[in-house]
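Chemist: Return a 3D structure for these sequence lines:
(one chain, ligands or ions: 2)
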Amino acid sequence: MSEGKFYKKIVCIGAGYVGGPTMTIIANKCPNYKVTIVDISKPRIDAWNSDDLPIFEPGLKERVEKSRGKNLFFSTDVDKEIAEADIIFVSVNTPTKTFGEGAGKAADLQFVELTARRIKENSRSDKIVIEKSTLPVRSAEALEAILHSGNNSVHFEILSNPEFMAEGTAISDMEYPDRVLIGSKDTETGRIARDELVKIYAHWVPKEKLITTNLWSSELSKLVSNAFLAQRISSINSISAICEATEADIGEVAFAVGKDTRIGEKFLQAGIGFGGSCFRKDILNLVYLCEYYQLNEVADFWKQVITINDYQVNRFVKRMLRAMFNTLVGKKIAVFGFAFKPDTGDTRDTPAIYLTRQLCEEKARLSITDPHALENAKKDLDGLKGIEYIEDPYSAAKDAHCIALMTAWDEYRSLDYQKIYDSMEKPAFLFDGRNHLDHQKLFDIGFNVFPIGKPPLLHH
Ligand code: NAD
Ligand code: UGA
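Modeler: Numbers count the residues shown, from 1 in each chain. Ligands and ions are numbered 1, 2, ... in the order given. Here you go, the predicted model:
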């Protein structure tokens with residue numbers, strides 16, 4: 001027993017989009033473990049301890065409330081919690097490096113390294129240290145070197161346990177995962193540590209979904225999973241450009257192609273491009289790794305996934321410009337949705353950022369609406385002039401020349417588009433960046449409608 005009624009003490013360093021939800025589910029499912037999430041950000045921890053959680057994720061609040069104060073705790077006392085822990089998850093951010101060697105590609109590992117040093121300084125007993133953050137291949141080697149440096153007699157066993165949840169569906173992804181991946185060393189202590197982690201997940205994950213591998217396979221599999229997912233989106237988006245040139249319909253093509261069970265139906269939704277904190281960063285990380293090992297052709301292959309993603313936004317803006325008589329100067333554009341996907345307030349690397357910047361360069365006036373992401377949008381676009389942030393989509397669209405739909409929020413389907421159309425400048429345009437709305441109905445109301453990868457519906 002680690003302490004009193006608990007079998008073991010788990011600490012997670014990093015109370016973000018991954019640390020918060022993953023540890024909440026572990027606490028829910030494993031009442032015999034004490035789970036504490038620590039962070040250097042006091043406002044974040046205060047929010048986790050309040051009714052107003054720092055992230056919006058459907059189903060999360062109920063689950064936090066179920067365990068908080070019983071076996072789930074949030075704290076800024078990083079050193080004390082490290083000292084008392086048996087098992088430590090590292091779930092800090094690993095953004096793309098913006099400076100020095102590898103800038104714009106390599107992962108910035110400063111937060112991981114700081115965390116490792118803090119673990120080393122505060123540990124007086126043996127610990128299992130688990131990489132939950134997405135890291136470059138062979139990071140465990142570096143972690144181990146830091147943790148075992150100096151004359152500390154404590155033993156640290158490193159595991160890799162990458163997270164595959166997607167935002168918006170984080171809870172079901174974690175409660176019913178496709179798989180849980182655990183990488184360990186093939187040594188006696190490595191196998192013991194691996195079995196401790198298997199024991200945690202076995203509380204709710206069927207045995208056949210628990211995959212164990214060596215450390216490097218586990219680290220690489222995370223990068224590859226994200227690269228494959230993003231590659232499917234770029235593949236279908238590249239085809240959407242051909243559809244627009246040939247009057248084929250991307251919905252019909254994706255449906256026909258996806259029916260081949262070898263290809264599958266998922267992740268073939270064409271749109272303005274992928275966003276989110278990880279796809280771009282993890283592909284860049286993979287590209288950097290390939291270049292490091294002088295696998296330049298492989299690097300070029302994966303780079304292309306990002307090139308197509310950028311192309312998709314640029315193409316969208318060009319299409320808007322051309323359709324609206326080659327000038328956007330002074331025109332009001334209502335941007336429907338700013339989050340990188342629905343059911344999250346997260347705006348990291350959202351295509352809406354690239355779109356709004358380009359529209360500002362064209363000197364358009366923007367009114368941005370989103371049910372959960374306006375505060376983040378304001379931060380992302382800080383310094384840009386001529387932008388209004390409006391919660392009510394009807395007000396956002398009033399007097400606008402066009403609507404650009406960026407996020408497939410459910411509520412955008414049930415708006416009264418006749419009322420919206422009546423309040424807009426004419427001719428009224430609607431550019432559907434997610435093929436989310438009923439285009440024929442919008443056309444019948446009077447809109448000129450531009451879907452992705454389908455012929456436009458035009459009144460002139
Ligand atoms: P995040 O930015 O939301 O959270 C990271 C947290 O770590 C922040 O609250 C930050 O204050 C804290 N932190 C940084 N350095 C610290 C330190 N030294 N001590 C204590 N706390 C520290 O990031 P995230 O979205 O949760 O992502 C975390 C990792 O998980 C990344 O590697 C990411 O690639 C990976 N990942 C993210 C997702 C996702 O959907 N967001 C999914 C799978 C994997
Ligand atoms: C993604 C992966 O799906 C997770 O498995 C992974 O754990 C996570 O990245 C991560 O490592 O951070 P996430 O970015 O939260 O999850 O969301 P996705 O559902 O993958 O969507 C990413 C982007 O792709 C969104 O902008 C979405 O609109 C876009 N997308 C998705 C498409 O354009 N078309 C599709 O068919 C699917």
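Chemist: For the stretch 301-450 of the chain, which segments count as helices?
Modeler: Using DSSP state H, counting those that start in this stretch, the helices of the stretch 301-450 of the chain run over 351-361, 374-380, 393-397, 417-423, 439-445.
Chemist: and V38, which of the ones you listed is closest to it?
Modeler: helix 374-380 (23.7 Å; CB to CB). No exception for glycine: its C-beta is placed from N, CA and C like everyone else's.
Chemist: what mean pLDDT would you report for the closest one?
Modeler: Throughout helix 374-380, pLDDT has a mean value of 97.
Chemist: Can you give the contact residues for it?
Modeler: F338, A339, G345, D346, T347, T350, A352, I353, I368, D370, Y389, E391 (CB atoms under 8 Å, 6 or more residues apart in numbering).
Chemist: just curious, which of the residues you listed is nearest to ligand 1?
Modeler: Taking CB to the nearest ligand atom as the measure, ligand 1 lies nearest D346 of those, at 7.2 Å.
Chemist: Look at that closest one and report its pLDDT.
Modeler: 94.
Chemist: Quick check: it touching V18?
Modeler: No: between D346 and V18 there is no contact under CB atoms under 8 Å: 11.6 Å.
Chemist: and this protein, which residues reach ligand 2?
Modeler: 134, 163-167, 226, 229, 233, 267-269, 271, 274-279, 340-341 (CB under 6 Å from any ligand atom).
Chemist: H203 - how many residues pack around it?
Modeler: 14 (other CB atoms under 10 Å).
Chemist: Then E101?
Modeler: 8.
Chemist: Could you do L53 as well?
Modeler: Count around L53 with other CB under 10 Å applied: 18.
Chemist: and it, what is it in contact with?
Modeler: G20, A47, L60, K61, V64.
Chemist: change it to 6 Å
Modeler: K61 (CB atoms under 6 Å, 6 or more residues apart in numbering).
Chemist: same deal with the one 3 residues further on?
Modeler: Taking CB under 6 Å, 6+ apart as the contact definition, F56 lies against G345, H372.
Chemist: mind redoing it with 8 Å?
Modeler: D343, T344, G345, H372 are the contacts of F56 under CB under 8 Å, 6+ apart.
Chemist: could you dump the residues you listed to TSV with distance to E219 and neighbour count?
Modeler: Listed next are the contacts of F56 as TSV, based on distance: CB to CB, whole Å; neighbours: other CB atoms under 10 Å:
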residue	distance to E219	neighbour count
D343	29	20
T344	26	25
G345	29	19
H372	32	19
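Chemist: among those residues, which two are most distant?
Modeler: D343 and G345 (9.2 Å).
Chemist: Near the residue in the stretch 351-460 of the chain positioned nearest to ligand 1, how many other residues are there?
Modeler: Of all residues in the stretch 351-460 of the chain, N376 sits closest to ligand 1, at 11.8 Å by CB to the nearest ligand atom. By other CB under 10 Å, the residues close to N376 number 20.
Chemist: Please report the distance of it from F279.
Modeler: 18 Å (CB to CB, to the nearest Å).
Chemist: S414 too?
Modeler: 29 Å.
Chemist: Of these two, give the one with the bigger neighbour count.
Modeler: A side-by-side neighbour count of S414 and F279, using other CB under 10 Å, places F279 first with 23 against 7.
Chemist: Residue of the stretch 1-150 of the chain nearest ligand 2, please.
Modeler: Counting by CB to the nearest ligand atom, the stretch 1-150 of the chain gets nearest ligand 2 through T134, at 5.8 Å.
Chemist: That residue contacts F164, correct?
Modeler: No: the criterion here is CB under 8 Å, and T134 misses it with F164 at 10.0 Å.
Chemist: of the two, who's got more company?
Modeler: Regarding T134 and F164, a neighbour count based on other CB under 10 Å identifies T134 as having more, with 24 against 16.
Chemist: Up against ligand 1, what does the stretch 251-400 of the chain have?
Modeler: S277, C278.
Chemist: Would you state the strands of the stretch 251-400 of the chain in chain order?
Modeler: Along the stretch 251-400 of the chain, the stretches classed as strands by DSSP state E, counting those that start in this stretch are 332-336, 365-369, 387-389.
Chemist: Give the buried subset of the residues of the chain next to ligand 2 as a ChimeraX selection command.
Modeler: Burial among those is assessed by 16 or more other CB atoms under 10 Å; the matching ChimeraX selection reads:
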select :134,163,164,165,167,226,229,233,267,268,269,271,274,275,276,277,278,279,340,341
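Chemist: Pull the contacting residues for I283.
Modeler: Counted by CB under 8 Å, 6+ apart, I283 has contacts N226, A227, A230, W302, K303, V305, I306.
Chemist: among those residues, which two are most distant?
Modeler: N226 and K303 (14.7 Å).
Chemist: secondary structure element for A248?
Modeler: Using DSSP states H and E, A248 falls within no helix or strand.
Chemist: That one reaches I242, doesn't it?
Modeler: Yes: counting by CB under 8 Å, I242 is a contact partner of A248 at 7.0 Å.
Chemist: So for the two, which residue has more residues nearby?
Modeler: Neighbours were counted for A248 and for I242 using other CB under 10 Å; A248 has more, 16 against 12.
Chemist: For ligand 2, see how far away that one is.
Modeler: Separation of A248 from ligand 2 (CB to the nearest ligand atom, to the nearest Å): 18 Å.
Chemist: If I look at that residue, what pLDDT would I see?
Modeler: For A248, pLDDT reads 96.
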